[in-house]
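Trainee: need a structure here:
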Amino acid sequence: MQLFGFKTFTHGWQYVLTVMSPSGARAVDEFIDPGDDVSVEARDGHLTRYYEKREGAFDQLIARYDIKVLERSEWDRTKTALGADIYS
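Mentor: Alright, predicted model coming up:
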């Protein structure tokens, strides 16, 4: 599965990884098992967000699922190119 990620952080400095795929948000939710060191926020009609509980957990998740982490401008272009199907 082709996966794209965008890394940000919360106001409390907790890292957040938002993930999208041409296959849609539900497919991402079913494909990725985040493990114990990452919590998940998945809602219908939204891209899935992962929250890092332990330092280094995102590096492992990104490597395990071959998530291509994008910079903001790449993320915006890719999201536009993939269209509304990423939210289904």
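Trainee: just the CA trace of the longest helix along the chain, in CSV.
Mentor: Longest helix of the chain, by residue count under DSSP state H: helix 72-82. Extracted in CSV, the C-alpha atoms of helix 72-82 (Å, rounded to 0.1, in the frame of the first residue of the first chain):
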residue,chain,number,x,y,z
ARG,A,72,4.3,20.7,3.9
SER,A,73,4.3,21.8,0.3
GLU,A,74,4.6,18.2,-1.0
TRP,A,75,1.9,17.1,1.4
ASP,A,76,-0.5,19.7,0.1
ARG,A,77,0.2,18.9,-3.6
THR,A,78,-0.1,15.2,-3.0
LYS,A,79,-3.4,15.6,-1.1
THR,A,80,-4.8,17.7,-3.9
ALA,A,81,-3.7,15.3,-6.5
LEU,A,82,-5.2,12.2,-4.7
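Trainee: for that helix, which helices and strands make contact with it?
Mentor: Applying 3 or more Cβ pairs under 8 Å, 6 or more residues apart in numbering; DSSP states H and E, we find helix 72-82 packed against strand 4-9, strand 15-20. Where C-beta positions appear, they are placed from N, C-alpha and C, glycine not excepted.
Trainee: these into TSV, with extra columns for distance to residue 82 and mean pLDDT?
Mentor: Below are the helices and strands packed on helix 72-82 laid out as TSV (distance: least, Cβ to Cβ, whole Å; pLDDT from 0 to 100):
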stretch	distance to residue 82	mean pLDDT
strand 4-9	8	94
strand 15-20	7	96
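Trainee: just those strands: most buried one?
Mentor: strand 15-20 (a mean of 20; mean count of other Cβ atoms under 10 Å).
Trainee: just after that one, pick out the following helix or strand.
Mentor: With elements assigned by DSSP states H and E, the helix or strand that comes after strand 15-20 is helix 25-31.
Trainee: please consider this matter closed, and thank you.
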